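Below are the sequence and a predicted model for it; my questions follow.
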Amino acid sequence: MKIQKTFPIALALLAASAVASSAQTFQYNDSDLLIGFRVTPGSAGSSAYELVVDGGSITTYASLATGTTITVANVTQSLLTNSFSSLNNISWSAFADVSTNVLSAGSSNYPLHALWVTNPRVSFGTQTSPWTQTSYFSQGDVVSAIEGLGDYATIYGSADLPAGPPRNTLTGIILPAGDPLFSYSAYIGPLGNFKQKFQGDVEQQTGASFATSAQDVRSDLYQLFPGSGPGLHLGYFELSTNGVLTYTSGPSAVVIPQPTITSIVRSGTVNTITFSPTVVGATYSLLGTSSLAVSPRSSWSVIGSPASGTGSPMSLQDTGASGQMMFYTIQAH
Amino acid sequence: MKKITTLGILGMLCTAVSVQAQVNIYITGSTAFRASMFRAITNLYGANLQNENPGGPTANNSGANQVTYGGLMSGVFGSQQVTIYTSMSGSIAGVQTLAQNLNVTYNNSPTNGDATTVNHQADLAFSDVYQAATGYQTPALADLLVAVQPFAFTKSISSPARLTNITHQQIQPFFANGYIPLSYFTGNTNDGSTNCYLPGRSIDSGTRLTAEYDSFFAPGGVEQPYAPNGSGVWSPSVGYSSGSGVRGALNQANAGPAIGYLGIADGMVVNNGSNNITYDGALPYLGTLNTGTTSVTGTNDYTPVIKGQYSYWSYEHLFERTSVSPGSSVDLLRSNLSTYIDLDIANVYPKVDVRLSEMQVTRPADGGPITP
């Protein structure tokens, strides 16, 4: 009897909980990381919607231990699939600011008009050049755009959409594409540079065949304090082809594609071995042997000094070639 | 036969009740337009305005945000007792409360001195902006244009004489940051270490939104107002809920240089209207602003607005819900307010608004192109 009496109460509590949960609307808080998604302007993609996600406090990302990777769980499959028919031809970016609030984490105090902004990588494994820090007032223009997006998305969620999924949750909201007041596009602008308030395009693009490419995309996150000089690289976001967004603190491991020897030119006693591709951050060594019986190749003799990758075709030389038959290989690490 | 007689008596009773029914109408919205609204309401009552809270039936509440009126509007509602409740907190707030059926706090009684309040849904909302410019676009409201309202940028009383103009390009970082070096406006290197602040309005304000749209600051950004404390030290603020707050900050002698945006009536209360500065090189009126109360001392020539040389202006809208029946009390009051507002602009001095019939240009949206 006792169980029978409490069961309906438990059900009632569950129901109340469900109502409370579904009644939530999108909420942007000062200095939260906002992540915007839209169909790439001018691409073949189309959607009636754009997506804005609140990724939680920027301090979570700015103070993450180097080498640590976290999943941005608020970017859900439900929000993505209800916003876009596929992940092809999607532009996305992430950003945060300090507007008028006090923001600190541990021993770090962040100044007013600090910005955190993504920079899209052209090459998956190659870190971008940092954005440049600019004046308090110049960065204030971007703060205004970020706060505008957050504030008006919050207003749209409270005034114009039913509360709860699929379009309006506490941490994600699906906005009308291109709306002059309520869309992500209204603030990021057609060129991805906050309507020309920022120095460059902060959006990463997935491309026309992203979903089936097996090639994820990355954007670096930079911290910009009012002032001058390059911003601080904090880490990078990675959007996988199945729609999972992760953030890794610190520099990324350099992905080194296998170099191929493209030519060997002999001049006197010097053999010049040219190879490509190379990447910045990798080191290349020339190894050689007169007999293929020597195995493995890593045990071949190192010839000359290693060289740092340049991102372009490179050459290393064997300056002591005696004229006997030689076999060469390039070791990259 | 007996049944018919009974029905006839009941019918007469119903008619009698209907005739004697009290009309209660609740108004909210634009604070910038409250002076014109006040005069239109009191003129509709005429000599039959029996009471007004606060201040009594002879009070001048043209600058008050919350007033309740009681009496007869014989020309509109015959012998019915008419109570008009007004509580003005901004154009966008007005659109929101009407669209979302939110309660507004009103003075509960027209009896002078009655401090009790009542929360009630609004029937009508004045707005300086189109519904499409606000965050509250559904459900659509029925729009009636009633006037054109010029605005001006006004400097504080402790701003230097050399602060004379603001451009729409300068407005964009000024609004984004809430302050900027005074030299940015004056070009004087000695002003580089002095800040010029923005005593802005709250996000509910149509005056604010019109300024943002007209300068191309919005959409795409959100303004950061500042406010001075009693010592004249400025700090970030959510913005003033009324133009009276802005003019108060501009009149604060120890607060230093500042530029606000105001309706013409509020701007007249800052150094007698002499502190309006040009916007992109123009003022909304020709010559100096006249603040007198006669046709000689209070007329103003708004040719720059009327012909298109000055762009910081908006239509004044009077919204009601589309569910309001034509000919109902709310609808009747709305159409009569429109008529009396137009008469007010034509006959009352100082002249602070422009009649629709005077305009030789139009604009399709807030901040939109102005064309002949």
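That came through fine.

Show me the longest helix that occurs in chain A.
Longest helix in chain A, counting residues (DSSP state H): helix A:136-159.

who's in contact with residue 189?
Using chain A. Applying CB atoms under 8 Å, 6 or more residues apart in numbering or on different chains to A:Gly189 gives the contacts A:Lys195, A:Gln196, B:Gly220. Just so you know, the C-beta spots here come from the backbone N, C-alpha and C atoms, and that holds for glycine as well.

switch to chain B, that's the one I care about
B:Ser183.

With B:Arg39 as the reference, measure out to it.
Applying CB to CB, to the nearest Å, the value for B:Thr189 to B:Arg39 is 47 Å.

Repeat that for A:Asn82.
In this structure, A:Asn82 and B:Arg39 are 52 Å apart, going by CB to CB.

For these two, indicate the residue with more neighbours.
Between A:Asn82 and B:Arg39, counted using other CB atoms under 10 Å in any protein chain shown, B:Arg39 has the larger neighbour count: 20 against 15.

Tell me the backbone dihedrals of the more buried one, please.
Per-residue torsions, B:Arg39: phi -70, psi -40 (degrees, to the nearest 10).

and it, what pLDDT?
Looking at B:Arg39, its pLDDT reads 93.

Surely it and B:Val348 touch.
Yes. Between B:Arg39 and B:Val348 there is a contact at 5.9 Å, judged by CB atoms under 8 Å.

which one is the residue in the stretch 201-333 of chain A positioned nearest to chain B nearest to, not counting chain neighbours?
Nearest residue of the stretch 201-333 of chain A to chain B: A:Pro226, at 10.9 Å (CB to the nearest CB). Residue nearest to A:Pro226 in three dimensions, not counting chain neighbours: A:Tyr136, with 4.0 Å by CB to CB, 6 or more residues apart in numbering or on different chains.

okay, now that neighbour: neighbour count?
Neighbour count of A:Tyr136, defined by other CB under 10 Å: 16.

same question, A:Pro41
17.

So which residues on chain A come close to chain B?
Within chain A, the positions adjacent to chain B are A:99-100, A:136-138, A:140-141, A:143-145, A:147-148, A:151-152, A:155-156, A:159-160, A:180-182, A:186-187, A:189, A:194-195, A:197 by CB under 8 Å from any CB of the partner chain.

Provide a list of residues in contact with B:Ala140.
Taking CB under 8 Å, 6+ apart, one finds B:Gln131, B:Thr322 in contact with B:Ala140.

Isn't B:Leu356 up against B:Asp342?
Yes. Counting by CB under 8 Å, B:Asp342 is a contact partner of B:Leu356 at 7.2 Å.

which residues are common contacts for these two?
Counting by CB under 8 Å, 6+ apart, the common neighbours of B:Leu356 and B:Asp342 are B:Val146, B:Ala147.

For chain A, what is the nearest residue in the stretch 1-150 of chain B?
For the stretch 1-150 of chain B, CB to the nearest CB, closest residue to chain A: B:Gly135, 4.1 Å.

Enumerate the residues of the stretch 151-300 of chain B near chain A.
B:172-173, B:175-177, B:180, B:203, B:218-224, B:236.

Going through those residues, which ones are buried?
Among these, those classed as buried by neighbour count (16 or more other CB atoms under 10 Å in any protein chain shown) are B:172-173, B:175-177, B:180, B:203, B:218-224.

now these in CSV, with pLDDT?
Shown next, in CSV, are these (pLDDT from 0 to 100):
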residue, pLDDT
B:Gln172, 97
B:Pro173, 97
B:Phe175, 98
B:Ala176, 97
B:Asn177, 97
B:Ile180, 98
B:Ile203, 88
B:Ala218, 91
B:Pro219, 86
B:Gly220, 91
B:Gly221, 93
B:Val222, 94
B:Glu223, 96
B:Gln224, 97
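
Out of the residues you listed, which is nearest to B:Gly70?
Distance to B:Gly70, by CB to CB, is smallest for B:Ile203 among those, at 33.3 Å.

Now do the same for that closest one: helix, strand or coil?
Under DSSP: H, G, I helix; E, B strand; the rest coil, B:Ile203 falls in the coil class.

Also B:Ala249?
Three-state call for B:Ala249 (three-state DSSP): helix.

Spit out the contact partners of A:Leu292.
A:Leu292 makes contact with A:Phe327, according to CB under 8 Å, 6+ apart.

does it count as helix, strand or coil?
When classified by three-state DSSP, A:Leu292 comes out as coil.

now B:Ala132
Relying on three-state DSSP, one would call B:Ala132 helix.

wait, doesn't it sit right on B:Ala365?
Yes. With contacts counted by CB under 8 Å, B:Ala132 reaches B:Ala365, the gap being 6.7 Å.

thought B:Met359 was touching B:Val148?
Yes. Assessed by CB under 8 Å, B:Met359 is found in contact with B:Val148 at 5.8 Å.

can you list residues touching both of these two?
For the pair B:Met359 and B:Val148, residues contacting each of them under the criterion CB under 8 Å, 6+ apart are B:Val305.

and which of the residues of the stretch 151-300 of chain B next to chain A is nearest A:Ser107?
Nearest to A:Ser107 out of those is B:Pro236 (CB to CB; 25.0 Å).

and the longest strand seen in chain B, which residues are buried?
The longest strand of chain B (DSSP state E) is strand B:145-155. Across strand B:145-155, burial judged by 16+ other CB under 10 Å covers B:Val146, B:Ala147, B:Val148, B:Gln149, B:Pro150, B:Phe151, B:Ala152, B:Phe153, B:Thr154, B:Lys155.
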